[in-house]
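# Show me how the following folds:
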Amino acid sequence: MTQAMIDLLDGQHLAELEINEPGWVLAGRITDVETGESWRYVYRSTALKTSSLKHKRMTDWLDGAAPIGSAQVAADPAMMFGTGELTLWEP
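Just a heads-up that it's a prediction; the model follows:
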């Protein structure tokens, strides 16, 4: 179930938030409003353990999707332990 839809600053993309675990994982879909093409995204704390329920919820939602490119890691005080990782996934 979609929790929020955000019009990104460029006006050409919409982001839907489907998983919201503040400080741990945010996941959803980004859609190009002109072409309809979309991608999944996951922004998660690098401290998220693969054994956690939050991680299981994220992998269940991805349902076997393959990553597009490599993950981007950045310092982020809003994420647990201060580091976030952004990955785009196939639709």
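# What's the local residue count around residue 39?
16 (other Cβ atoms under 10 Å). C-beta coordinates here come from the backbone N, C-alpha and C atoms, glycine included.
# Run through the bridge partners of it.
Beta-bridge partners recorded for residue 39 (DSSP bridges): residue 30.
# so who does it touch?
When contacts are counted by Cβ atoms under 8 Å, 6 or more residues apart in numbering, residue 39 is found next to 29, 30, 68, 88, 89, 90, 91.
# Report the buried members of those residues.
29, 30, 88, 89 (16 or more other Cβ atoms under 10 Å).
# Correct me if wrong: the last one contacts residue 65.
Okay, so that is residue 89. Yes: between residue 89 and residue 65 a contact is recorded at 4.3 Å, counting by Cβ atoms under 8 Å.
# Mind listing the shared neighbours of those two?
With Cβ under 8 Å, 6+ apart as the test, residue 89 and residue 65 both reach residue 40.
# any idea of the pLDDT on the closest residue to residue 72 other than its chain neighbours?
Computed as Cβ to Cβ, 6 or more residues apart in numbering, the closest residue to residue 72 that is not its neighbour in sequence is residue 86, at 4.7 Å. Residue 86 is assigned a predicted lDDT (pLDDT) of 93.
# Please enumerate the strands of this protein.
Under the criterion DSSP state E, the chain carries strands at the ranges 4-7, 13-21, 25-32, 38-45, 67-75, 83-89.
# Dump these into JSON lines; add distance to residue 59 as well.
As requested, the strands of the chain are exported to JSON lines (distance: least, Cβ to Cβ, whole Å):
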{"stretch": "strand 4-7", "distance to residue 59": "22"}
{"stretch": "strand 13-21", "distance to residue 59": "11"}
{"stretch": "strand 25-32", "distance to residue 59": "10"}
{"stretch": "strand 38-45", "distance to residue 59": "9"}
{"stretch": "strand 67-75", "distance to residue 59": "12"}
{"stretch": "strand 83-89", "distance to residue 59": "11"}
